[in-house]
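Colleague: I would like to see how this sequence folds:
(one chain, ligands or ions: 2)
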Amino acid sequence: MSNKRSQIREYIRKTRNNLSKSQQGIAAQQLNMNFTQHLKDKKTTKKEHIAIYLTNDGELDTSLLIKSLWDLNHYIYLPIIHPFNGANLLFQRYEKNSPMRANHYGILEPKLNCTQICPLPMLDYLLMPLVAFDEQGNRLGMGGGFYDRTLARLHDQHWQKPQLIGLAHECQKVDELPIESWDVPLKTIITPDKTYCW
Ligand SMILES: Nc1nc2c(c(=O)[nH]1)N(C=O)[C@@H](CNc1ccc(C(=O)N[C@@H](CCC(=O)O)C(=O)O)cc1)CN2
Ligand SMILES: Nc1ncnc2c1ncn2[C@@H]1O[C@H](COP(=O)(O)OP(=O)(O)OP(=O)(O)O)[C@@H](O)[C@H]1O
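Modeller: Ligands and ions are numbered 1, 2, ... in the order given. Predicted coordinates:
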């Protein structure tokens, strides 16, 4: 792994963890407004299948958005680290009463129930956590390669769905990330202040 990538990761993780509770709260409200407005603008009554994440390590707080999406009757999914190969993610339905467990990193995920897994191409949106992004839509994550490995098959096939959207604070933006062959670039990144499209 390049030293530059780990340095950026370390620096941005510190920066986002230093955001105050009130900055995090405002960011969560803005994210909620931005994404629910995006769905309204589509002017369809379709219930979308949306994968998202539970906030960890100073990431943009998704809790308000998840509540709104539940209230609007969309289908919500969370990543589960694959129980057998441990390198890919599965996306499992997340409801108010879903039984949960902490994964290897202490992040809550739904207890595995194969009947509740959504195959990747059936998701409409994949709202992804990230550590840093750049002006070209490149994404750097926590370093596990989970999202990149999971998306690798899609990347080969000129896929339509799911729409990949990164969620981040504005302070996670850098001029240029050193990229690797396996990195999957994003078409959209939503920050509390702005929506970037490529
Ligand atoms: N909220 C959230 N959920 C997610 C991810 C994420 O980035 N954010 N993931 C995205 O892929 C997967 C988990 N990946 C992660 C990878 C590393 C660490 C982490 O804290 N690493 C520690 C070392 C911990 C250890 O090895 O035991 C570190 O780098 O300090 C956390 C999550 C699935 N769920
Ligand atoms: N498509 C892939 N096929 C095989 N290995 C991969 C693939 N994508 C990533 N990896 C492996 O995962 C490791 C971590 O990758 P990287 O540093 O890009 O993760 P990340 O983007 O920070 O994490 P994440 O995707 O979980 O948010 C790399 O060293 C690489 O070996």
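Colleague: quick one: contacts for Thr9?
Modeller: You called it Thr, but residue 9 is Arg. By CB atoms under 8 Å, 6 or more residues apart in numbering, the residues touching Arg9 are 131-132, 140, 142-143. All C-beta spots, glycine's among them, are computed from the backbone N, C-alpha and C.
Colleague: gap between the residue of the chain found nearest ligand 2 and ligand 1?
Modeller: Of all residues in the chain, Gly141 sits closest to ligand 2, at 1.7 Å by CB to the nearest ligand atom. In this view, Gly141 and ligand 1 are 5 Å apart by CB to the nearest ligand atom, to the nearest Å.
Colleague: Glu109 now?
Modeller: Taken as CB to the nearest ligand atom, the span from Glu109 to ligand 1 is 7 Å.
Colleague: so which helix or strand takes in that residue?
Modeller: Assigned by DSSP states H and E, Glu109 belongs to strand 108-110.
Colleague: against which helices or strands is that strand packed?
Modeller: strand 75-81, strand 89-93, strand 100-102 (3 or more CB pairs under 8 Å, 6 or more residues apart in numbering; DSSP states H and E).
Colleague: right, and Asp57 touches Met142 too?
Modeller: Yes - between Asp57 and Met142 there is a contact at 7.5 Å, judged by CB atoms under 8 Å.
Colleague: need the contact partners of the helix or strand of the chain with the lowest mean pLDDT.
Modeller: Scoring the helices and strands of the chain by mean pLDDT, DSSP states H and E places helix 146-155 at the bottom, with a mean of 89. With CB under 8 Å, 6+ apart as the test, helix 146-155 has contacts from 79, 81, 87-89, 120-121, 128, 139, 141, 164, 182-184.
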